[in-house]
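S.K.: let's see this in three dimensions:
(chains A and B)
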2 protein chains.
Amino acid sequence: MKAEFVNPFLSSLLEVMGTMAQTQLKPGKPQLKTNDKAYGDVSGLIGMVGPQTRGSFSITFEKSLALKIYQRMLGSETTEIDDDITDMVGEITNMVTGGAKRLLGEKGYDFDMATPAVVSGPNHTVSHKVKGAKITLPFTCPDGKAYIEICFED
Amino acid sequence: MKAEFVNPFLSSLLEVMGTMAQTQLKPGKPQLKTNDKAYGDVSGLIGMVGPQTRGSFSITFEKSLALKIYQRMLGSETTEIDDDITDMVGEITNMVTGGAKRLLGEKGYDFDMATPAVVSGPNHTVSHKVKGAKITLPFTCPDGKAYIEICFED
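M.R.: Alright, predicted model coming up:
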């Protein structure tokens, strides 16, 4: 996994959140995934397959932040992580990965996206299983935390 | 999503569980995913991308069953869903999907597998986001329940 794979996901996420949900996420320090696990309440996961490499991407939100993004994107409120929220998280997963795919394609790294799956459940954690580095990027904003994880095979 | 996509995953799972973990899972009735959600404690998810279609697959275990399978596959015991358990669930996800890929390839349906991700957290649920049918297959055995979900784009 190359370090240059990370920034396209980072910038794609910031753009999707800024333009679609008027939400400015503040990125923390990227970290190679260690024993410190990040937890959240709703996660979108998607697989990626290309001629040079394959991998997986996830984005995990705390409930408070997912509900706020829903309110801003859809203009209506909900108090639980229901099918509307998981649909939205699936869409965000598609949009962020699609944006990163475009940016990476410009650098000559092509991949196709699988379809996303969304996991909901209080305080779960995601662990990508691949031979190669995994990068975790935490984000904060006044409404809660989020993190993304990116991994590609070496 | 074609009905003939389901059986290869079913038979691959039964074989992997039987040969690797001496565990006979009893399949329940396949169902188109409805509002009844299935819950579990540890899930492996993987994306699939092929020339004709793309999709995602997940397998979800209750904790009691995951711990028992670990004991049978690895010959040692653990009481929590730790990294050893999630590694095992990632491997099972790869093996089941790899077996189904082989069987589907014989029928002319080819796809490449992304890398798996494993989610752990008590009582979570998985929701595949794709335009097309989603099939849920429940399984029971004396040590607990499992279910798989398969979806491919129409």
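S.K.: what number of residues lie near residue A:150?
M.R.: Around residue A:150 there are 26 other residues, counting by other C-beta atoms under 10 Å in any protein chain shown. Every residue, glycine included, has its C-beta placed from N, CA and C.
S.K.: what about the strands in chain A?
M.R.: Secondary structure of chain A (DSSP state E): strands located at A:26-27, A:31-32, A:39-49, A:54-61, A:112-113, A:117-128, A:134-141, A:144-152.
S.K.: next, the angle from the fourth one to strand A:117-128.
M.R.: This means strand A:54-61. Using axes from the mean of the first three to the mean of the last three C-alpha atoms, to 10 degrees, the direction of strand A:54-61 lies 110 degrees away from that of strand A:117-128.
S.K.: what packs against the helix or strand of chain A with the lowest mean pLDDT?
M.R.: In chain A, no helix or strand scores lower on mean pLDDT, DSSP states H and E than strand A:31-32, which sits at a mean of 82. Here strand A:31-32 is seen to pack against strand A:134-141 when contacts are counted using 3 or more C-beta pairs under 8 Å, 6 or more residues apart in numbering or on different chains; DSSP states H and E.
S.K.: what's the angle from the strand it packs on to strand A:54-61?
M.R.: 20 degrees.
S.K.: sorry, back to before: to residue B:103, which of the strands of chain A lies closest?
M.R.: strand A:39-49 (19.2 Å; C-beta to C-beta).
S.K.: mean confidence (pLDDT) on that closest one, please.
M.R.: Here strand A:39-49 scores 97 as its mean pLDDT.
S.K.: same check, this time on stretch A:84-97
M.R.: pLDDT averaged over stretch A:84-97 gives 97.
S.K.: now do it: everything it contacts.
M.R.: A:9, A:12-13, A:16, A:20, A:42-46, A:48, A:57-59, A:61, A:66-67, A:69-70, A:73-74, A:78, A:113, A:116-118, A:120, A:148, B:127, B:129 (C-beta atoms under 8 Å, 6 or more residues apart in numbering or on different chains).
S.K.: and those residues, which are buried?
M.R.: A:9, A:12-13, A:16, A:42-46, A:48, A:57-59, A:61, A:66-67, A:69-70, A:73, A:113, A:116-118, A:120, A:148, B:127, B:129 (16 or more other C-beta atoms under 10 Å in any protein chain shown).
S.K.: now do the contacts for the residue positioned nearest the centre of chain A.
M.R.: When C-alpha atoms, centre = their mean is applied to chain A, the residue found nearest the centroid is residue A:59 (2.6 Å). When contacts are counted by C-beta under 8 Å, 6+ apart, residue A:59 touches A:13, A:43, A:44, A:89, A:92, A:93, A:96, A:146, A:147, A:148.
S.K.: go again using 7 Å as the cut-off
M.R.: A:43, A:44, A:92, A:93, A:96, A:146, A:148 (C-beta atoms under 7 Å, 6 or more residues apart in numbering or on different chains).
S.K.: can you tell me how far the nearest residue to the first one once chain neighbours are set aside is from residue A:118?
M.R.: I take that to be residue A:43. Sequence neighbours aside, residue A:60 is the residue nearest to residue A:43 in space, at 4.2 Å (criterion: C-beta to C-beta, 6 or more residues apart in numbering or on different chains). Counting by C-beta to C-beta, to the nearest Å, the separation of residue A:60 from residue A:118 is 10 Å.
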